[in-house]
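A.B. asks: Let's see this in three dimensions:
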Amino acid sequence: MYPESYEPNPLYPRSEDFEVVRKDDQTGLGVISHKGFKTGDIVAAMNGERIQDIRQHSLQIEPGIHLYDIHFAGYFLHSCAPNVFLDMEKMLVIATRRIKPGDYLLMDYAQTEDHLFKQFACGCGAKNCRGWITGKKDLIDEEDPAYQQFISAQVMAV
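C.D. replies: Here you go, the predicted structure:
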């Protein structure tokens with residue numbers, strides 16, 4: 001999945017084990033696992049360009065430094081009940097619960113991001129769903145038209 005120009009690592013994802021696919025028109029691309037993992041297993045190693053700005057498919061390594069991984073980890077979908085944890089120091093993806101073949105790799109974006117590229121309404125369906133997803137240091141942008149629409153839909157549902 002990573003270009004041959006990346007230094008080989010046996011933990012890098014292989015195309016026979018993972019696939020980046022379009023989940024739907026609303027969600028976009030996600031990573032499907034073609035193999036199973038147990039809780040605590042190393043799922044894969046990450047790689048990519050280290051950049052100083054936040055981009056849509058970047059992951060925060062530390063304040064001001066982001067991993068721009070457009071081949072694998074940049075496409076993990078969000079869930080408030082994730083099945084992977086990203087160890088940004090060791091650049092490893094760890095299973096937080098059982099992952100079956102055919103499952104999407106799901107992370108909580110607030111786990112790595114102080115500030116998101118873009119806040120959004122969550123539809124993960126988890127019991128602990130936060131509803132509106134921000135970075136861990138972000139305040140909700142109440143002026144965002146998408147947030148206004150989200151609040152209106154919540155009021156209408158009551």
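
A.B. asks: Quick check: pLDDT value at the residue nearest the centre of the chain.
C.D. replies: With the centre of the chain defined as its mean C-alpha position, the nearest residue by CA atoms, centre = their mean is F76, 3.6 Å away. At F76, the model reports a pLDDT of 97.

A.B. asks: Verify the stated contact: it with I99.
C.D. replies: No - if you go by CB atoms under 8 Å, F76 and I99 don't touch, sitting 11.9 Å apart. To be clear about C-beta, it is placed using only N, CA and C from the backbone, and glycine gets the same treatment.

A.B. asks: bridging residues for L59?
C.D. replies: For L59, the beta-bridge partners under DSSP bridges are L67.

A.B. asks: anything in contact with each of F76 and I99?
C.D. replies: 84, 105 (CB atoms under 8 Å, 6 or more residues apart in numbering).

A.B. asks: What's the separation between P101 and N83?
C.D. replies: For P101, the distance to N83 (CB to CB, to the nearest Å) stands at 13 Å.

A.B. asks: thinking again about what came up before, and the residue nearest to the centre of the chain, what is it in contact with?
C.D. replies: For F76, the contact set (CB under 8 Å, 6+ apart) comprises 30-31, 84, 86, 105-107.

A.B. asks: what number of residues lie near Q119?
C.D. replies: 19 (other CB atoms under 10 Å).

A.B. asks: actually H34, sorry about that
C.D. replies: Neighbours around H34, by other CB under 10 Å: 13.

A.B. asks: List the contacts of it.
C.D. replies: Contacts for H34 (CB under 8 Å, 6+ apart) come out as 16-19, 101-102.
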